[in-house]
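Enquirer: fold the following and give me the result.
(2 chains)
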Amino acid sequence: MKILIVDDSTAMRMIVKKTLRLAGFDGHEVSEAEDGAKALAAIKASKPDLVLSDWNMPNMTGMQLLEALAADGVKVTFGFVTTEATPDMRAKAVAAGAKFLVSKPFTPESFKEHLGPHIR
Amino acid sequence: MATAYPLPDASKIVQFLGLLFDGLDVKPGGTFDQTPAGGAWFGVFVADSGEPVALCIADVNLAASFGAAFSMLPAAMAKEVAKTRQLTDVMIDNVREIMNICTRLMMDANSPHLKLEQIYPAKSLPAPAAALLGAPPGRREFQLQLPKYGGGVLSLVTT
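Expert: Predicted structure coming up:
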């Protein structure tokens, strides 16, 4: 399975990747993008099965990325992994087509819970 | 005194920064030179208003260890830089990355928003941020050890 991690923080991308491994999601092809705009290009080029995106990023936010994918008719399982998650953000994410929103403090257990149904 | 922004304990730091550094050891306590001559690096965190509300401080030894370990630079480089107190640009970028991650250590579901504004060497710390060192409502020190790279003191200051 191809998984794309989108976050403007190198350290956070490393942490998400490590948490995936600790949650038992080994053996997948994991790639990274540092903002929404780069992720949009990467998704169109490499067609990942799952996108794990931060919410706030320069150039294009995670929500703008999700909306751009929908506008372009790109079908991909999309979830947010973000520090903050207000009820309003959760509602907006779901309305825009996100499958899940994992918020701080995310742990291998919360990854298993939210990502498990989407990783095969 | 109660603070708007929470302070983590050692186990929370291990849980989070340990995802970046395998085998990270964290113990509470520690002292360091926070004067301009001391060579520490200060992450300044601001509220949405732009007002400084928290600091994350790495003493020069920890800043050198963080800076080298994050890019897996030679461990000897961390020791050399700790002596000269001259971090390379790559090491400074790495310290910024790690301090940005430390934002998560000073937030919880009930705390107001804060974000890393910038990191500064001690000698360039802006006065409004330096004022937080005066009598902060919350402050904790920790001794961090990174396998192979050594370590130093991390200090978190919150209002």
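Enquirer: contact partners for the nearest residue to B:Asp9 once chain neighbours are set aside?
Expert: Closest residue to B:Asp9 apart from its sequence neighbours, by Cβ to Cβ, 6 or more residues apart in numbering or on different chains: B:Pro28 at 7.3 Å. Heads up, the C-betas are built off the backbone N, CA and C, glycines and all. Residues in contact with B:Pro28 (Cβ atoms under 8 Å, 6 or more residues apart in numbering or on different chains) are B:9-10, B:140-143.
Enquirer: might you list the low-confidence residue ranges for the chain?
Expert: Picked chain A for this. Along chain A, the model assigns pLDDT under 70 to residues A:84, A:104-105.
Enquirer: please go with chain B instead
Expert: By pLDDT under 70, the low-scoring segments of chain B are B:1.
Enquirer: tell me the bridge partners for the residue nearest to B:Asp9.
Expert: Applying DSSP bridges to B:Pro28 gives these bridge partners: B:Phe142.
Enquirer: strands of chain B, start to end?
Expert: B:25-28, B:41-46, B:52-58, B:115-121, B:138-146, B:150-158 (DSSP state E).
Enquirer: how about the residues of chain B near chain A?
Expert: Within chain B, the residues that sit near chain A (Cβ under 8 Å from any Cβ of the partner chain) are B:15-16, B:19-20, B:70, B:97-98, B:100-101, B:103-104, B:107, B:113.
Enquirer: among the residues you listed, which two are most distant?
Expert: In the residues of chain B next to chain A, the most distant members under the criterion Cβ to Cβ are B:Phe70 and B:His113, with 25.4 Å between them.
Enquirer: who's more crowded, the two?
Expert: Applying other Cβ atoms under 10 Å in any protein chain shown to B:Phe70 and B:His113 shows that B:Phe70 carries more neighbours, namely 22 against 13.
Enquirer: I'd guessed the more buried one sits against B:Glu97; true?
Expert: Yes. Using Cβ atoms under 8 Å, B:Phe70 is in contact with B:Glu97, at 6.5 Å.
Enquirer: what is in contact with these two at once?
Expert: Common neighbours of B:Phe70 and B:Glu97, using Cβ under 8 Å, 6+ apart, are A:Ala11.
Enquirer: strands of chain A, residue ranges please.
Expert: A:2-6, A:29-33, A:50-53, A:77-82, A:100-103.
Enquirer: just tell me which of those ends up closest to B:Asn61.
Expert: Closest of these to B:Asn61 is strand A:29-33, at 30.4 Å (criterion: Cβ to Cβ).
Enquirer: quick check: can you name the pairing partners of the closest one and their directions?
Expert: Assessed with DSSP bridges, strand A:29-33 is paired to strand A:2-6 (parallel).
Enquirer: in chain B, which helix is the longest?
Expert: When chain B is parsed with DSSP state H, its longest helix is helix B:89-101.
Enquirer: would you mark the buried spots in it?
Expert: If you call a residue buried by 16 or more other Cβ atoms under 10 Å in any protein chain shown, then helix B:89-101 has these buried ones: B:91, B:93-101.
Enquirer: also stretch B:135-155?
Expert: Buried-residue list, stretch B:135-155, by 16+ other Cβ under 10 Å: B:136, B:138-146, B:149-155.
Enquirer: same question for stretch B:11-23.
Expert: B:13-21.
Enquirer: and for it, what's in contact with it?
Expert: By Cβ under 8 Å, 6+ apart, stretch B:11-23 touches A:11, A:14-15, A:18-19, A:22, A:105, A:107, B:8, B:24-26, B:69-70, B:98, B:101-102, B:104-105, B:142, B:144, B:146-147, B:154.
Enquirer: identify the residue nearest the geometric centre of chain A.
Expert: A:Leu52 (1.3 Å; Cα atoms, centre = their mean).
Enquirer: which residues touch that one?
Expert: Neighbour list for A:Leu52: A:3-6, A:16, A:79-81, A:115 [criterion: Cβ under 8 Å, 6+ apart].
Enquirer: can you list these in JSON lines and add distance to A:Leu40 and neighbour count?
Expert: Formatted as JSON lines, the contacts of A:Leu52 follow (distance: Cβ to Cβ, whole Å; neighbours: other Cβ atoms under 10 Å in any protein chain shown):
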{"residue": "A:Ile3", "distance to A:Leu40": "16", "neighbour count": "22"}
{"residue": "A:Leu4", "distance to A:Leu40": "10", "neighbour count": "22"}
{"residue": "A:Ile5", "distance to A:Leu40": "14", "neighbour count": "24"}
{"residue": "A:Val6", "distance to A:Leu40": "9", "neighbour count": "28"}
{"residue": "A:Val16", "distance to A:Leu40": "19", "neighbour count": "24"}
{"residue": "A:Gly79", "distance to A:Leu40": "16", "neighbour count": "20"}
{"residue": "A:Phe80", "distance to A:Leu40": "16", "neighbour count": "26"}
{"residue": "A:Val81", "distance to A:Leu40": "17", "neighbour count": "29"}
{"residue": "A:Leu115", "distance to A:Leu40": "21", "neighbour count": "22"}
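Enquirer: thank you, goodbye.
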